[in-house]
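> no letters, just coordinates:
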């Protein structure tokens, strides 16, 4: 039970930190401090949104179930639209889907399982 409770939360933190690493590409020797700060803020918008969702999901798992799955779908659709615009397709394009969408779906599913288990436990408590 504890593993089921902590798994989506810990995976969410790791996933959010992983996404934050992608924003470090704005730090270049030619960029000014202002450009770096603005770039970090813009690149970390998904990180900020997912962090807020995680804070809400900590207590209300259904929010995490909905929004992490939605984030995975949003990235998947955005990625597929981008791939559709490129003239040549190779299997290397599928790697980002597995790196970003699959963990988001996994976290969303774990939050959903956690929410359903909590809901079932509440029903059992009220029956006694």
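Received, thanks. Everything numeric in this text was worked out from a predicted model, so none of it was measured.
> any idea which helix or strand in this protein has the lowest mean pLDDT?
Every helix and strand of the chain was ranked by mean pLDDT, DSSP states H and E. The lowest is helix 95-96, at a mean of 84.
> can you give the contact residues for that one?
residue 79 (Cβ atoms under 8 Å, 6 or more residues apart in numbering). For the C-beta atoms, the positions are set from N, CA and C on the backbone; glycine is no exception.
> tell me the helix or strand right after it.
Sequence-wise, the next helix or strand downstream of helix 95-96 (DSSP states H and E) is helix 102-127.
> buried ones in that next one?
Within helix 102-127, the residues that qualify as buried are 103, 104, 105, 106, 107, 108, 110, 111, 112, 114, 115, counting by 16 or more other Cβ atoms under 10 Å.
> spit out the contact partners of residue 25.
Neighbours of residue 25 in contact, by Cβ under 8 Å, 6+ apart: residue 43.
> shaky segments in this protein?
89, 123-128 (pLDDT under 70).
> rerun that using 50 as the cut-off
The chain contains no residues with pLDDT under 50.
> ends of stretch 78-97, what's the gap?
Start to finish, the residues bounding stretch 78-97 are 10 Å apart (Cα to Cα, to the nearest Å).
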